[in-house]
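*Asks:* make a model of this:
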Amino acid sequence: MSPAKWSAVSRRSVIPGRGGRAALEAAFLWAGGLLSAASGCRHVDADDCQKNRPTLGGEYACTVPGFADRDFLLRLPAAFDGTRSLPLIVAMHGASGSKEGFNGLTCAGGDSKSPSCLSQVADKEGFVLVYADGTRIAPATAASRTWNAGGGGARGLRCEHACKAGVDDVAYFRALLAEIAAIVPYDRQRVYLTGFSNGAAMAHRLACEVPERIAAIAPVGGANQFAGASPCMPSRATPILHIHGELDPCWPYGGGLGQCVAEQTSSGPYVSVDETMVGVAGQSGSDPGWVARLGCTPTATTTQVGRHPRDSYGGCRGGVTVSRIKVLGAGHTWPGGDQYLSSDRIGSVAPDFPASQLIVDFFKSIPAR
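*Replies:* Numbering: from 1, shown residues only. Model prediction:
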């Protein structure tokens, strides 16, 4: 069997037309989670890519030894020839999403040919891109998965299915990197993480627990749920670019209960962006935040990304910088990406904010670590 290469058409996040979007909303309500717009995508069967090694640019579905049903999509840029070690981006979907749906979330209008898509930007900039899969919520839900990004604890923080099940996603991440290395050459000093919602929270957790494997993270729409419930004591500092919609109703910028679906209002709060980045004074048991944890200068330098404020904290351990961008007027969406559900449910997309390009440019600015 040849490598499981497949068409980008199947990764469309929303089926065109009113019926497709209505079906996606129904799936979202049933799942009761924060999806990555994957519900409209079919599951893709994977192959043992060590035995059937890719030799050309394109997209391949590959298995992870020891983790049945936790496959990944391996996207190789057009210039790939197997002779050079390229930088690697690992992208993690949101709750109730899957690897097949992530790219569509990042595409303007859900159009997989849009230059705004993360896949298109990564290809253009010469990155290997991996879309990883979380754990199924139920046996029949191949396209509805979560990550154990932390939660619960004394504060009763929101804890997704994989969190409640105690899935060892740190072990999965290590196995994933090992399998990618066995298939294609990549630069192990330039491994970058991004994710949306629950996947963004997973990026934060990995920066807490395996920073020696990570050059930088750029989470979107999900904060550090792990550090709100468990000690986060990284062995080294990780550069961070956190992006979050100002009016996100699903993972509120100011924390608290989500408001996208009724189930969220009684299933535990989310940590705020402020707590994740700079800490919240006087809040018992809260996360001190990345700025304090990494010894950064406590006063931010504020610049603008278009009309959106970017707060950056320098002077951190290891010479890294920690930044956050508040996307004004935006909801639980990927800036510059798809309005995968109606704005009255998830808020709006910021069309003037090219998140995929900004994130890849951020990764390019971080030297090998």
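*Asks:* CA atoms for contacts and neighbours, from now on please.
*Replies:* Fine.
*Asks:* helix, strand or coil for residue 275?
*Replies:* helix (DSSP: H, G, I helix; E, B strand; the rest coil).
*Asks:* correct me, but it touches residue 286?
*Replies:* Yes: in this structure residue 275 lies within contact range of residue 286 using Cα atoms under 8 Å: 7.2 Å.
*Asks:* so for those two, which residue has more residues nearby?
*Replies:* residue 275 (24 against 18; other Cα atoms under 10 Å).
*Asks:* and the more buried one, how far from residue 311?
*Replies:* Taking Cα to Cα, to the nearest Å as the criterion, residue 275 is separated from residue 311 by 14 Å.
*Asks:* helix, strand or coil for the residue most central in space within the chain?
*Replies:* Centroid-nearest residue in the chain, with Cα atoms, centre = their mean: residue 195, separated by 0.6 Å. Following three-state DSSP, residue 195 is assigned to strand.
*Asks:* just list whatever residues bridge to the nearest residue to it once chain neighbours are set aside.
*Replies:* Spatially, and ignoring its direct neighbours in sequence, residue 195 is nearest to residue 92 (4.4 Å; Cα to Cα, 6 or more residues apart in numbering). On the basis of DSSP bridges, residue 92 is bridged to residue 132, residue 195.
*Asks:* what's around residue 202, how many residues?
*Replies:* 31.
*Asks:* again but with residue 247, I slipped
*Replies:* 20.
*Asks:* what's near enough to touch the residue nearest to residue 148 when sequence neighbours are not counted?
*Replies:* Nearest residue to residue 148 in three dimensions, chain neighbours excluded: residue 163, at 4.1 Å (Cα to Cα, 6+ apart). Each residue near residue 163 by Cα atoms under 8 Å, 6 or more residues apart in numbering is listed here: 147, 148, 149, 150, 151.
*Asks:* distance of residue 163 from residue 73?
*Replies:* To residue 73, residue 163 is 23 Å away according to Cα to Cα.
*Asks:* now residue 187
*Replies:* Distance of residue 187 to residue 73, computed by Cα to Cα: 18 Å.
*Asks:* likewise for residue 120?
*Replies:* Residue 120 is 14 Å from residue 73, by Cα to Cα.
*Asks:* ok, and the closest non-adjacent residue to residue 296?
*Replies:* Spatial nearest neighbour of residue 296, chain neighbours left out: residue 316 (3.8 Å); criterion: Cα to Cα, 6+ apart.
*Asks:* burial measure for that neighbour, as a count.
*Replies:* Neighbours of residue 316 (other Cα under 10 Å): 21.
*Asks:* quick one: contacts for it?
*Replies:* For residue 316, the contact set (Cα under 8 Å, 6+ apart) comprises 237, 291, 294, 295, 296, 297, 322.
*Asks:* let's see 10 Å
*Replies:* Counting by Cα atoms under 10 Å, 6 or more residues apart in numbering, residue 316 touches 237-239, 290-298, 322.
*Asks:* these: which two are farthest apart?
*Replies:* 238 and 298 (16.7 Å; Cα to Cα).
*Asks:* out of these two, which sits in the busier spot?
*Replies:* Per other Cα under 10 Å, whichever of residue 238 and residue 298 has more neighbours is residue 238, with 28 against 14.
*Asks:* look up the residues forming beta bridges with the residue nearest to the more buried one when sequence neighbours are not counted.
*Replies:* Spatial nearest neighbour of residue 238, excluding adjacent residues (Cα to Cα, 6+ apart): residue 216 at 5.5 Å. Following DSSP bridges, residue 216 is listed with bridge partners residue 192.
*Asks:* so residue 216 makes contact with residue 241?
*Replies:* Yes: if you go by Cα atoms under 10 Å, residue 216 and residue 241 touch, sitting 8.1 Å apart.
*Asks:* between those two, which contacts overlap?
*Replies:* Residues touching both residue 216 and residue 241 by Cα under 10 Å, 6+ apart: 194, 321, 322, 362, 363.
*Asks:* among those, which are in helices?
*Replies:* Using DSSP state H, the members of those that fall in helices are 362, 363.
*Asks:* among the shared contacts of residue 216 and residue 241, which pair sits farthest apart?
*Replies:* Farthest pair in the shared contacts of residue 216 and residue 241 (Cα to Cα) is 194 and 321. Separation: 16.5 Å.
*Asks:* quick one, strands of the stretch 1-150 of the chain?
*Replies:* 4-5, 58-62, 72-76, 86-92, 128-132, 135-136, 145-146 (DSSP state E, counting those that start in this stretch).
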